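A.B. asks: Pasting the sequence and the predicted model now:
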Amino acid sequence: MVNETNKALEFYAEWQATAAVIIGMLLQFALGDKRGMKIALVIALSAVFVALFIVPAIFEVLGISPFSKVAVSIYALSALLSAEIIALCITVLPEAVRLRTKQYLGVQNDRK
């Protein structure tokens, strides 16, 4: 009985984290620029990448339980920050990769 309860609670915590990532992505789409499916796909993929690889490392370093409310909040914020992480990667990448990525996404430099 205890084992089944633990499995149910673990499933609930994973579902809650997944829902937080999805809601964060939807909020980013609602608040962001409507440029097309390419940007939406890149934001979704980056949010999933951050949720799978970066957020668990943050939990381990900070000692946060992945089943806490703080963890769910971090998952949601990671989805909201995924576009900014893409922008940071574009800034640090070599010039050829940067230009190709901007061309693929259809974005322009607006700092001029």
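C.D. replies: Great, that's in hand. Numbering: from 1, shown residues only.
A.B. asks: From the contact counts, what lies against the helix or strand that contains residue 24?
C.D. replies: Assignment of secondary structure by DSSP states H and E places residue 24 within helix 2-31. With contacts taken as 3 or more C-beta pairs under 8 Å, 6 or more residues apart in numbering; DSSP states H and E, helix 2-31 sits against helix 37-49, helix 69-80, helix 82-92. Where you see a C-beta, it was placed from the backbone N, CA and C, and this is true even at glycine.
A.B. asks: pLDDT score for residue 25?
C.D. replies: At residue 25 the predicted local distance difference test score is 70.
A.B. asks: That one reaches residue 82, doesn't it?
C.D. replies: Yes: taking contacts as C-beta atoms under 8 Å, residue 25 lies within contact range of residue 82: 7.5 Å.
A.B. asks: Neighbour count: these two, which is higher?
C.D. replies: Neighbours per residue (other C-beta atoms under 10 Å) separate residue 25 from residue 82, with residue 82 holding more: 25 against 22.
A.B. asks: Just list the residues touching the most centrally placed residue in the chain, thanks.
C.D. replies: For the chain, the residue lying nearest the average C-alpha position, counting by C-alpha atoms, centre = their mean, turns out to be residue 47 (2.2 Å). Contacts were defined as C-beta atoms under 8 Å, 6 or more residues apart in numbering; by that measure residue 47 touches 21, 24-25, 28, 78-79, 82.
A.B. asks: could you check the distance from residue 79 over to residue 7?
C.D. replies: Plainly put, residue 79 is 26 Å away from residue 7 if you go by C-beta to C-beta, to the nearest Å.
A.B. asks: no, scratch that, I was asking about residue 104
C.D. replies: With distances defined as C-beta to C-beta, the gap from residue 104 to residue 7 amounts to 42 Å.
A.B. asks: quick one, phi/psi of residue 67?
C.D. replies: phi -100, psi 10 (degrees, to the nearest 10).
A.B. asks: Could you give the number of residues near residue 62?
C.D. replies: Other residues near residue 62 number 9, with proximity taken as other C-beta under 10 Å.
A.B. asks: same thing with the one 5 residues further on?
C.D. replies: Per other C-beta under 10 Å, the neighbour tally for residue 67 reads 14.
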